[in-house]
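*Asks:* fold the following for me, if possible:
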Amino acid sequence: MAKDIFDRLSAGRPQQAERAHEQPRRGDDRKTFLVDILMNGPAPTNLVYQRGTARGFTKKQIWSAREKMKIVAFKETGKHGGRWF
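*Replies:* The predicted structure is shown next:
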């Protein structure tokens, strides 16, 4: 029998141990990947995409995670056809 909403509210929040089996939030693995690869400073965009693809991420997923984390991409100046970092 389903519990009444008031019974559930009076029971309070579930304990943290009960939530341990929950899946991590979507995108956490992509964010962790970006933090790991950019830990030592800027990296060429092609390298980030290659390593991300090897881990099963699409370019769009990596780009979206970068936008959400407010990571700034910049282009190499002083060279014709400079690389993106």
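*Asks:* is it true that Gly52 touches Phe33?
*Replies:* Yes. Counting by Cβ atoms under 8 Å, Gly52 touches Phe33, with 6.3 Å between them. To be clear about C-beta, it is placed using only N, CA and C from the backbone, and glycine gets the same treatment.
*Asks:* intersection of neighbour lists for these two?
*Replies:* Jointly contacting Gly52 and Phe33 under the rule Cβ atoms under 8 Å, 6 or more residues apart in numbering are Ile62.
*Asks:* show me where the protein has helices.
*Replies:* 5-11, 28-38, 45-54, 59-68 (DSSP state H).
*Asks:* report all helices and strands that the longest one contacts.
*Replies:* Packed against helix 28-38, as judged by 3 or more Cβ pairs under 8 Å, 6 or more residues apart in numbering; DSSP states H and E, are the following elements: helix 45-54, helix 59-68.
*Asks:* check contacts around Met69.
*Replies:* Met69 neighbours (Cβ under 8 Å, 6+ apart): 31, 34.
*Asks:* the one 5 residues further on now?
*Replies:* For Phe74, the contact set (Cβ under 8 Å, 6+ apart) comprises 42, 84-85.
*Asks:* now, of these, which are buried?
*Replies:* Phe85 (16 or more other Cβ atoms under 10 Å).
*Asks:* adding pLDDT and distance to Gln61, write the contacts of Phe74 out as a markdown table.
*Replies:* Shown next, in a markdown table, are the contacts of Phe74 (pLDDT from 0 to 100; distance: Cβ to Cβ, whole Å):
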| residue | pLDDT | distance to Gln61 |
| --- | --- | --- |
| Pro42 | 88 | 20 |
| Trp84 | 81 | 17 |
| Phe85 | 80 | 19 |
